[in-house]
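Engineer: Here is my input; please provide its structure:
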Amino acid sequence: MVPVPYAATVPVYLVGAGPGDPGLLTLRGAELLARADVVVHDRLSAAELLELAPPGAERVDVGKAPGRLTMSQADICALLVERGKAGQFVVRLKGGDPYVFARGGEEATALAEAGVDFEVVPGISSALAVPAYAGIPVTMRYSSTSFTVVTGHEDPASEGSVDWEAAARVGGTLVILMAVARWPAISARLLGAGLPPDTPAAAVQWGTRPEQRTTRATLATLGDHVLTSPSVIVVGQVAGLDLGWFERRPLFGRRVVVTRAREQASELSTRLRLLGADVIELPSIRVTDPADGGAGLRAAVADVARYDWVVFTSVNGVERFFDAVPDARVLGGVAVAAIGPGTADALASYRVVADLVPERFVAESLLDAFPAPPGPPRRGRVLLARAAVARDVLPDGLRAAGWRVDVVEAYRTEAAEPDLAALDAAADADAITFTSSSTVTNYLTVAGIDRVPPVVACIGPVTAATARARGLTVAVEAEVHTIAGLVDALADHLAPAS
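Structural biologist: The predicted structure is shown next:
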């Protein structure tokens, strides 16, 4: 075939999604997903990766599973050609690496023959990543100095299939992909080729994902266990090693619901995933503009120099306030208080250092730490930028202490529209996290008490009190009222007993 000359058009991108852990996507892959008009993805692509595409991007599921064929390979190739010719920015997101048993070569050939430009973005292959996540190095000095990657998809009894006798003779490590359905025949061929029955063997299902499960046995006995797809099978001396780390994390195998607003969920979700949790993001609230469209906030910002203090009780309040600030110098001479370190960090992102952060991150503690107003003849003024609905403990306490307090509505929170699939998944989760009273009330509004998992974890006493008032049993209340403190407290509660 004569190569098609490269033209200055938008190519179709064949992107390797990696084996499942979204953190294994390459930077180039993430960059392309962020620009996609269309994402054509298979079933092994982590759902989180699809969220990297713009909200308006079309997502086309062409995944194959045992007993289920969404779209034939010929139709997938035709779809890529069609969308590529239409000038759309197409990302073909494929599990693992596009050119390692993923039919990326077939798709590239179809695009080339149709005169559609394409680029290939390699991905981390399951052949290497999955054994590593299971604690199995595919090579070890002196014992396994080579490894062979083989597809198990072909019928071992058919003419022209893999030469399993040759693979057995090579020695080293055998990494076999897509082999579960044909494992009895494959193992029989390997045994017949002379591999000892007690050769270590392991099957790793859903490798690199929170659902990962590793079965360790021997070549002769691995088939006695229940094996399900998708699994990577490793045969060789290294399969007897257990240098585990992934499955030993404190929240591994635990499913945790995150109810924060979608734009704020990333920090909490990331921390939970780093500890091994399977995270279900089910935002119970969404942050919206104030009822007056922000007019009151803009007026307060324009006149901020007349205040002695500006007080922030949330990250949302900080972000909305500074959206209305034309120049941070308008705060010159005005002291700033933050209810906790998260809010203080949000201020720091705007190059503003909080003058006051209480030891405990609740309104009562901020009142205790707040200075007395200046004496006569001048009385001090405080501007409090906060949510439309909030406790009045702070403004009432400041007024009782002699301060003149103006409360300005910086934002509102509303119940989010639930994702039905996420609601069903949440009902079967191990734990749910609440980071504010509004997440509690709105989650119960959209999901109901029957979909509350058995372990309820709250960021602090105010949120916990709201949960208890609504009939929930709070199992975890973070002593340190931050996202990090909440995750640590939940991990301590759910970690397996030593």
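Engineer: hmm, which helix or strand of the protein has the shakiest average pLDDT?
Structural biologist: None of the helices or strands of the chain scores lower by mean pLDDT, DSSP states H and E than strand 68-69, at a mean of 62.
Engineer: Summarise which helices and strands the helix or strand just after that one is packed against.
Structural biologist: Where DSSP states H and E defines the elements, the next helix or strand beyond strand 68-69 is helix 73-85. On a contact count with 3 or more CB pairs under 8 Å, 6 or more residues apart in numbering; DSSP states H and E, helix 73-85 meets strand 12-16, strand 38-41, strand 90-94, helix 104-113. From N, CA and C alone the C-beta is placed, and that goes for glycine too.
Engineer: can you pull the buried residues of the helix or strand hosting residue 319?
Structural biologist: Under the criterion of DSSP H and E, residue 319 resides in helix 315-323. By 16 or more other CB atoms under 10 Å, the buried positions in helix 315-323 come out as 315-322.
Engineer: and what of stretch 225-244?
Structural biologist: 227, 230-236, 238-241.
Engineer: Looking at that stretch now, give me its mean pLDDT.
Structural biologist: Averaging pLDDT along stretch 225-244 yields 94.
Engineer: quick one: secondary structure of residue 233?
Structural biologist: Assigned state for residue 233: strand (three-state reduction, DSSP: H, G, I helix; E, B strand; the rest coil).
Engineer: Apart from its chain neighbours, what residue comes closest to it?
Structural biologist: residue 176 (4.4 Å; CB to CB, 6 or more residues apart in numbering).
Engineer: Give the burial count for the one you found, as a bare number.
Structural biologist: Neighbourhood size, residue 176 [other CB atoms under 10 Å]: 28.
Engineer: pretty sure it is touching residue 152, no?
Structural biologist: Yes: taking contacts as CB atoms under 8 Å, residue 176 lies within contact range of residue 152: 4.6 Å.
Engineer: wait, what's in contact with the closest residue to residue 184 other than its chain neighbours?
Structural biologist: Counting by CB to CB, 6+ apart, residue 184 lies nearest to residue 223, which is 5.3 Å off, once chain neighbours are set aside. The neighbours of residue 223, taking CB atoms under 8 Å, 6 or more residues apart in numbering as the test, are 183-184, 187.
Engineer: Counting neighbours, which of the residues you listed comes out on top?
Structural biologist: residue 187 (26 neighbours).
Engineer: Can you check my assumption that the residue nearest to residue 233 lies in a strand?
Structural biologist: Yes: using three-state DSSP, the assignment for residue 176 is a strand.
Engineer: Below-threshold pLDDT in this protein: ranges please.
Structural biologist: 1-9, 44-45, 65-69, 157-160, 263-265, 376-378, 497-498 (pLDDT under 70).
Engineer: any idea how it splits into domains?
Structural biologist: Annotated domains of the chain cover 12-124, 128-246, 255-284+416-494, 288-414 [automatic domain parsing].
Engineer: can I get the buried residues of stretch 225-244 in a markdown table with distance to residue 213?
Structural biologist: Formatted as a markdown table, those follow (distance: CB to CB, whole Å):
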| residue | distance to residue 213 |
| --- | --- |
| 227 | 10 |
| 230 | 12 |
| 231 | 9 |
| 232 | 12 |
| 233 | 13 |
| 234 | 14 |
| 235 | 18 |
| 236 | 20 |
| 238 | 19 |
| 239 | 15 |
| 240 | 18 |
| 241 | 17 |
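Engineer: closest to residue 391 among those residues?
Structural biologist: residue 230 (49.5 Å; CB to CB).
Engineer: for that closest one, what are its contacts?
Structural biologist: Residue 230 makes contact with 44, 126, 178, 180, 205-206, according to CB under 8 Å, 6+ apart.
Engineer: And it, its phi and psi?
Structural biologist: phi -90, psi 140 (degrees, to the nearest 10).
Engineer: what pairs with the residue nearest to residue 41 when sequence neighbours are not counted across the strands?
Structural biologist: Nearest residue to residue 41 in three dimensions, chain neighbours excluded: residue 93, at 4.2 Å (CB to CB, 6+ apart). Per DSSP bridges, the residues bridged to residue 93 are residue 15, residue 41.
Engineer: how far away is residue 93 from residue 404?
Structural biologist: 57 Å (CB to CB, to the nearest Å).
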